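> Need coordinates for the below:
(chains A and B)
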Amino acid sequence: MEQAAPALERLLQPAPLEPLGHPDAGLEAAVGEEAEGAQDEEGPGDRTMTENNFWLKKIEISVSEAEKRTGRNAMNMQETYTAYLVETRSVEHNDGPSVLTDSLWRRYSEFELLRNYLLVYYPHIVVPPLPEKRAEFIWHKLSADNMDPDFVERRRIGLENFLLRVASHPILCRDRIFYLFLTQEGNWKEIVNETGFQLKADSRLKALNATFRVKNPDKRFTELKHYSDELQSVISHLLRVRARVADRLYGVYKVHGNYGRVFSEWSAIEKEMGDGLQSAGHHMDVYASSIDDILEDEEHYADQLKEYLFYAEALRAVCRKHELMQYDLEMAAQDLASKKQQCEELSTGTVRTFSLKGMTTKLFGQETPEQREARIKVLEEQISEGEQQLKSKNLEGREFVKNAWADIERFKEQKNRDLKEALISYAVMQISMCKKGIQVWTNAKECFSKM
Amino acid sequence: MSGGLPKALPSTGPHSLRDMPHPLAGSSSEEAVGGDSTPSPDLLMARSFGDKDLILPNGGTPAGTSSPASSSSLLNRLQLDDDIDGETRDLFVTVDDPKKHVCTMETYITYRITTKSTRVEFDLPEYSVRRRYQDFDWLRNKLEESQPTHLIPPLPEKFVVKGVVDRFSEEFVETRRKALDKFLKRITDHPVLSFNEHFNVFLTAKDLNAYKKQGMALLTRVGESVKHVAGGYKLRSRPLEFAAIGEYLDTFALKLGTIDRIAQRIIKEEIEYLVELREYGPVYSTWSALEGELAEPLEGVSACIGNCSTALEELTDDMTEDFLPVLREYILYSDSMKSVLKKRDQVQAEYEAKLEAVALRKEDRPKVPADVEKCQDRMECFNADLKADMERWQNNKRQDFRQLLMGMADKNIQYYEKCLMAWESIIPLLQEKQEAK
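Predicted coordinates:
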């Protein structure tokens, strides 16, 4: 641990509070650091590293166990929850043995905290999603109980997947809070909260407002938002119907089990037919019980789809951030324009736009030249400030679009790869199911032929 | 046959009479009669209408069981009787060519009955008549009356149970045709029933209705006498073998009933599964429209699921049309057999009662009166006929169920094979790398 920790510490930069700066500078710094001792796998701006990421070469992360715990919650009420063992191993050399460097217990709410933190500090990143909080899209044999061992097991896998995704992300993997999540059990929650990230989070209302009122968002983001809405809708539908399909398939297989019993009873009164019937009945029992494993495998496919269902939400979050920034920019530009106009009117004496000052002046008499001068001066200051702000907002906005789009491209590639793999493994599952079916019925047919 | 809207009936059957080689063509009748002890494969093929395969002498599975036609014909196949083994077949009957008749009063279906025979009981070597269901019903009643000591095969159900089923749909008519064909073939195979007068008339008469009206002019002696057996005699003790048969039939009917219920339940579950599949597949299509690189793979999965759905529909249709009716037939069969057993009991009871009455009269006549002797005769004939029929029935039952269950296994294998092919063919599509990006 002693040897590994300083190396890791050095490689990680503290979480940048304003992640939008010169993007390439940040990356280059990281590249510079990692160049020492590690292979230079990326150039500046190269976002396509995943499995080749230096993190995964040095680090293995796993969520290896789940344990039921009881404790007291914030309201001092006793509660039962599940804790998950997060283990980190470092690999000294490429093919060398891995050494356990860190091992601590985390519960689901801490994972949530980590993710919420990442969402706030990396709004331009499509942040990997967590496995579902509650069991959804279930069919009758699956339990809706969060404590159910099958659910806990699937969640364990989902949490491990989440950590691996973060660790393989070129930017997220360098985050200090993430590093501490893996290495520091006690006090971690306090550290996260001390960053004050909750305060920096954009309010829902603000975001909603921006979505409705923004005039000129980048078209790509508008399209992307539309896509993520559709994706969410279609995957939800798919998962719902798949659950029903699983339910029905279960019924079909299980009813065949009844043949086993009745063939056995029938064989008792038969002479020559008896043996054939009896053994065929056994195969019917085998058939009926085979569905349990088959459907358990299919749940993994459903989980893969669910991950991308939740990813759609993360995509939408990035689009929303863009809309918010763009709206902010538009408002600032509008404000600046109106101030400039005011200034001009005051200087030239013409009133073209309505202003409260103008009205009160009309009502209560003209102001003195000194007063006017003072107002002009204030406005000029404000205008100058406003121009500065607009410039930096513009820059921020462009940086955001650039960085976000880069991550979105990376995400798209990942999504296509992952979903293709998921479809292939689904097809393989179906093939295996068909082969089992052929086997069982061929065996049964042979038994019948001996009747 | 896959499901769908009821189709119009074909105007001609699958085989034209001209196409079928006469089983005894190419050789004189004497040669055929005294010829090979087992009919040649060609004869077997021609005899069983619609069959495309053979039942091999060792009882193995016919070749080419994977084709749907042969699967369903498997279920219709009747094995050669053990009794007839070694003899030459001289009577061939087939039911085909259903036609719809629309009259002012009613609409009904007739079937063509084709008979080919060298028996002296038949004036012509070939007959072709048209009969409707009620004619079959009449025939069965007549057989029951005139041959009460024998087991008469069952007919398919008279009335359609659910109002939903269309009695003129192609599926329903075909199911019924197969059952009627089987009915006649079972009679044809029976060494006694096949010589029955009514059966002969049924096969040959141009105007069956006129004959029906003539009444029971041709009853046999046995039939008449059994008809007069009064009920109400109490049976002393049933011979063990008939008691065993009765118990067997009770349990047998019970088990078949259970199997029927299970099969129906499976079909119901499969149909519900199919409904969900039909919604499931298209969602992948909808998703495909959103995507770029994933569009083809997703569309492929959608098509694949569609193919599996079609295969499943074929499976459920086949099971409904071919499996369930045969099960039900056997339940009806065992019911009618039970009533024959009861009649046998009555004949025995009557004999025992008469015997006892004679004994009570305390007459010293050592000779048994004639009418008691007649009763004894009757009873012993009945017992003998019934025993023989039971053995025949057991054999046929074994063959029928062997084929029925193998057919069921076959259909399921075919279903999985179709699905397997669909999914295997899509793997290369899913693994394909897109060149243009």
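
> Contacts for stretch A:266-278, please.
A:263-264, A:281, A:447-451, B:248, B:251-252, B:255, B:259, B:398, B:401-402 (Cβ atoms under 8 Å, 6 or more residues apart in numbering or on different chains). Heads up, the C-betas are built off the backbone N, CA and C, glycines and all.

> Mind listing what's buried along that stretch?
Going by neighbour count (16 or more other Cβ atoms under 10 Å in any protein chain shown), the buried part of stretch A:266-278 is A:266, A:267, A:269, A:270, A:273, A:274, A:276, A:277, A:278.

> Ok, stretch A:338-348 next?
For stretch A:338-348, by 16+ other Cβ under 10 Å, it's A:339, A:340, A:342, A:343, A:346.

> just the residues you listed: which has the poorest pLDDT?
Least confident by pLDDT among those: that is residue A:346, with 80.

> dump the residue contacts of that one.
Going by Cβ under 8 Å, 6+ apart, the list of residues near residue A:346 reads A:372, A:375, A:376, A:379.

> buried subset of those residues?
A:372, A:379.

> which of the buried residues of stretch A:266-278 lies closest to chain B?
residue A:266 (4.2 Å; Cβ to the nearest Cβ).

> Ignoring the adjacent residues along the chain, who's closest to whichever residue of the stretch 151-300 of chain A sits closest to chain B?
The minimum distance from the stretch 151-300 of chain A to chain B, using Cβ to the nearest Cβ, falls at residue A:248 (3.7 Å). Closest residue to residue A:248 apart from its sequence neighbours, by Cβ to Cβ, 6 or more residues apart in numbering or on different chains: residue B:273 at 3.7 Å.

> The residue of the stretch 151-300 of chain A closest to chain B contacts residue B:271, doesn't it?
No. Using Cβ atoms under 8 Å, residue A:248 makes no contact with residue B:271, being 9.3 Å away.

> okay, those two: which has more neighbours?
Between residue A:248 and residue B:271, counted using other Cβ atoms under 10 Å in any protein chain shown, the more crowded position is residue A:248 (19 against 16).

> Just give me the neighbour total for residue B:318.
There are 23 residues near residue B:318, going by other Cβ under 10 Å.

> Now the residue of the stretch 151-300 of chain B found nearest chain A: which helix or strand?
Per Cβ to the nearest Cβ, residue B:273 is where the stretch 151-300 of chain B lies closest to chain A, at 3.7 Å. Applying DSSP states H and E as the criterion places residue B:273 in helix B:240-288.

> Give the other helices and strands that that helix contacts.
On a contact count with 3 or more Cβ pairs under 8 Å, 6 or more residues apart in numbering or on different chains; DSSP states H and E, helix B:240-288 meets helix A:219-267, helix B:295-318, helix B:324-360, helix B:370-431.

> would you turn these into a markdown table with distance to residue B:199 and mean pLDDT?
What follows is the helices and strands packed on helix B:240-288, written out as a markdown table (distance: least, Cβ to Cβ, whole Å; pLDDT from 0 to 100):
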| stretch | distance to residue B:199 | mean pLDDT |
| --- | --- | --- |
| helix A:219-267 | 33 | 95 |
| helix B:295-318 | 32 | 96 |
| helix B:324-360 | 17 | 88 |
| helix B:370-431 | 16 | 92 |
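
> how about those, which one is nearest residue B:182?
helix B:324-360 (7.5 Å; Cβ to Cβ).

> now the closest one and helix B:370-431, what's the angle there?
Using axes from the mean of the first three to the mean of the last three Cα atoms, to 10 degrees, the direction of helix B:324-360 lies 160 degrees away from that of helix B:370-431.

> Strands along chain A, start to end?
In chain A, the strands defined using DSSP state E lie at A:59-72, A:78-91, A:98-107.

> I'd like these written out as CSV, with mean pLDDT added.
Listed next are the strands of chain A as CSV, based on pLDDT from 0 to 100:
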stretch, mean pLDDT
strand A:59-72, 82
strand A:78-91, 87
strand A:98-107, 86
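
> need the ones you listed in CSV with mean neighbour count and distance to chain B, can you?
Shown next, in CSV, are the strands of chain A (neighbours: other Cβ atoms under 10 Å in any protein chain shown; distance: least, Cβ to the nearest Cβ, whole Å):
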stretch, mean neighbour count, distance to chain B
strand A:59-72, 14, 28
strand A:78-91, 16, 31
strand A:98-107, 16, 32
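
> related to what we said a few turns ago, mind putting the helices and strands packed on helix B:240-288 into CSV with distance to residue A:97?
Formatted as CSV, those follow (distance: least, Cβ to Cβ, whole Å):
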stretch, distance to residue A:97
helix A:219-267, 40
helix B:295-318, 39
helix B:324-360, 64
helix B:370-431, 34
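
> Tell me which of those sits nearest to residue A:431.
Judging those by Cβ to Cβ, what sits closest to residue A:431 is helix B:370-431, at 4.9 Å.
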